[in-house]
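[1] would you be able to build a 3D model of this:
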Amino acid sequence: MSDQQIDVVVVGAGPCGIAAGAAAQQAGLTTVLFDRGCVTQSILGYPYYMTFFSTAEKLEIAGVPFTIPDSKPNRREALSYYRRVVRAHGLDVHQYEEVTTIEGIGGDFAVHTRPTSGAARVTRCRAVIIATGGFHEPNLLGVAGEDLPKVSHYYRDPYPFYDQDVVVVGGRNSAVEAALELFRNGARVTLVHFLDTIDEGVKSWVVPDITNRLQKGEIQVYWRHRVAEVLSKSVVLREEESDRTTELKNDWVLALIGWRANPKLLESIGVLVDKESGIPSHDPATMETNVPGVFVAGVLAAGTDANKIFIENGKEHGGLIAGALLDQFAEQPVGR
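    Residues are numbered from 1 along each chain as shown. Below you'll find the predicted structure:
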């Protein structure tokens, strides 16, 4: 980038980052987006069969219609749509260029980035919007053996697990849908969840399917259990109430128990992050953090509660931020 100062840098090119960038640009602010991966990297990591819970209309951003034959889009349709939004607004997105550090104060920030190939560089800007999402790192089981090759926190498709004994840990959509698909493609599946039923947020059209499979014993289930230890050819489960353990013959463990954001970038520039909730200190009316000129957008603002902010409501953050920036910049012209 040149030494000329731009108005806004957006860190993250997921749906909410794109929405924030488009809102800033529509407000007449010069804007650049950076992402350590590709556009909507998190959606790229979803299982290929994934269908969104929300309708296409609710997932629309930046005034670009999301038109599909069915009401609920799948992964491929979402990937295509959000790239169309980037093109429609002519957003300047630097893919595979990670933001490593941010320095400065409100009105004059230096954003340090490092492309996957190429030398590190610095972009000067007046404000920073951090929209890095909640999918930096998977939640861990925290048990012995979790580092064995048989354990994965990711799931893409069922074919590697044919004729294998697979333990799926979790009770949300990702775990339930993986368990069903694995069963239908020849894996022997055991579902393990620390509650006594699947989570309330599981997609309504999936609930009857998983309920029938469990009732018929086609998928085994251990309610009120947690994984206590992973061994090379088995897995040890512990019952919540009694602490009684059960050892199962096992080939693979899929720990699909959610993800968490990485607060390091926020904390490095002075943003206060609640240790218990993971929520960054911010004003919900403007999304500005306790550090003047630094804003959060999208799922990141919800901390560890992934059921609080989705694309549907996180996309609105861009408009709040753009309005706040226009007010601030009117009071503090370039050059200060």
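[2] how many neighbours does R84 have?
    13 (other C-beta atoms under 10 Å). Backbone N, C-alpha and C define where each C-beta goes, glycine included.
[3] I figured it hits P65, correct?
    No: using C-beta atoms under 8 Å, R84 is not in contact with P65; the gap is 9.6 Å.
[4] if I look at the two, which residues touch both of them?
    Applying C-beta atoms under 8 Å, 6 or more residues apart in numbering, one finds that no residue jointly contacts R84 and P65.
[5] shaky segments in the stretch 151-300 of the chain?
    Across the stretch 151-300 of the chain, nothing is flagged by pLDDT under 70.
[6] need the strands for the stretch 101-250 of the chain, in chain order.
    Counting by DSSP state E, counting those that start in this stretch, residue ranges of the strands within the stretch 101-250 of the chain are 108-115, 121-130, 137-138, 151-152, 165-169, 188-193, 220-223, 225-230, 234-239, 245-249.
[7] these: which one's closest to E316?
    Closest of the strands of the stretch 101-250 of the chain to E316 is strand 121-130, at 13.5 Å (criterion: C-beta to C-beta).
[8] average model confidence for the closest one?
    Averaged across strand 121-130, pLDDT comes to 97.
[9] for that strand, output the C-alpha coordinates as CSV.
    What follows is strand 121-130, C-alpha atoms only, in CSV (Å, rounded to 0.1, in the frame of the first residue of the first chain):
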residue,chain,number,x,y,z
ARG,A,121,3.8,-4.0,4.6
VAL,A,122,2.0,-1.3,6.4
THR,A,123,-1.3,0.4,5.7
ARG,A,124,-2.1,3.7,7.4
CYS,A,125,-5.8,4.4,8.2
ARG,A,126,-8.1,6.5,10.4
ALA,A,127,-10.2,3.6,11.8
VAL,A,128,-10.1,-0.1,12.1
ILE,A,129,-13.0,-2.6,12.0
ILE,A,130,-12.2,-6.0,13.3
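[10] can you tell me the SS state at V8?
    At V8 the chain is in strand, as set by DSSP: H, G, I helix; E, B strand; the rest coil.
[11] for it, give me its contacts.
    V8 touches G21, A24, L29, T30, T31, V32, C125, R126, A127, V128, I129, L325, counting by C-beta under 8 Å, 6+ apart.
[12] make a markdown table out of the residues you listed and add neighbour count and distance to L195.
    Putting those into a markdown table (neighbours: other C-beta atoms under 10 Å; distance: C-beta to C-beta, whole Å) gives the following:
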| residue | neighbour count | distance to L195 |
| --- | --- | --- |
| G21 | 31 | 39 |
| A24 | 28 | 41 |
| L29 | 20 | 46 |
| T30 | 15 | 49 |
| T31 | 26 | 43 |
| V32 | 22 | 44 |
| C125 | 25 | 45 |
| R126 | 23 | 47 |
| A127 | 26 | 42 |
| V128 | 24 | 39 |
| I129 | 31 | 36 |
| L325 | 23 | 43 |
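[13] ranges for the helices of the stretch 1-150 of the chain?
    Ranges of helices in the stretch 1-150 of the chain, per DSSP state H, counting those that start in this stretch, are 15-26, 41-44, 56-59, 75-89.
[14] quick one: these as CSV, columns for distance to Q4 and mean pLDDT too.
    Below are those laid out as CSV (distance: least, C-beta to C-beta, whole Å; pLDDT from 0 to 100):
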stretch, distance to Q4, mean pLDDT
helix 15-26, 17, 97
helix 41-44, 28, 89
helix 56-59, 35, 94
helix 75-89, 21, 97
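[15] quick check: which of the ones you listed is buried the most?
    With neighbours taken as mean count of other C-beta atoms under 10 Å, the helices of the stretch 1-150 of the chain reach their highest mean count in helix 15-26, at a mean of 28.
[16] now do that helix: which elements does it pack against?
    The contact analysis (3 or more C-beta pairs under 8 Å, 6 or more residues apart in numbering; DSSP states H and E) places helix 15-26 against strand 6-11, strand 31-34, helix 75-89, strand 121-130, helix 311-314, helix 317-331.
[17] need those in JSON lines with distance to A302, can you?
    Shown next, in JSON lines, are those (distance: least, C-beta to C-beta, whole Å):
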{"stretch": "strand 6-11", "distance to A302": "17"}
{"stretch": "strand 31-34", "distance to A302": "21"}
{"stretch": "helix 75-89", "distance to A302": "20"}
{"stretch": "strand 121-130", "distance to A302": "13"}
{"stretch": "helix 311-314", "distance to A302": "8"}
{"stretch": "helix 317-331", "distance to A302": "11"}
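[18] for the ones you listed, which one sits closest to A144?
    Using C-beta to C-beta, the nearest of the helices and strands packed on helix 15-26 to A144 is helix 75-89, at 34.4 Å.
[19] what is the burial count for the nearest residue to W223 once chain neighbours are set aside?
    Closest residue in space to W223, ignoring its immediate chain neighbours: D196 at 4.6 Å, by C-beta to C-beta, 6 or more residues apart in numbering. Per other C-beta under 10 Å, the neighbour tally for D196 reads 9.
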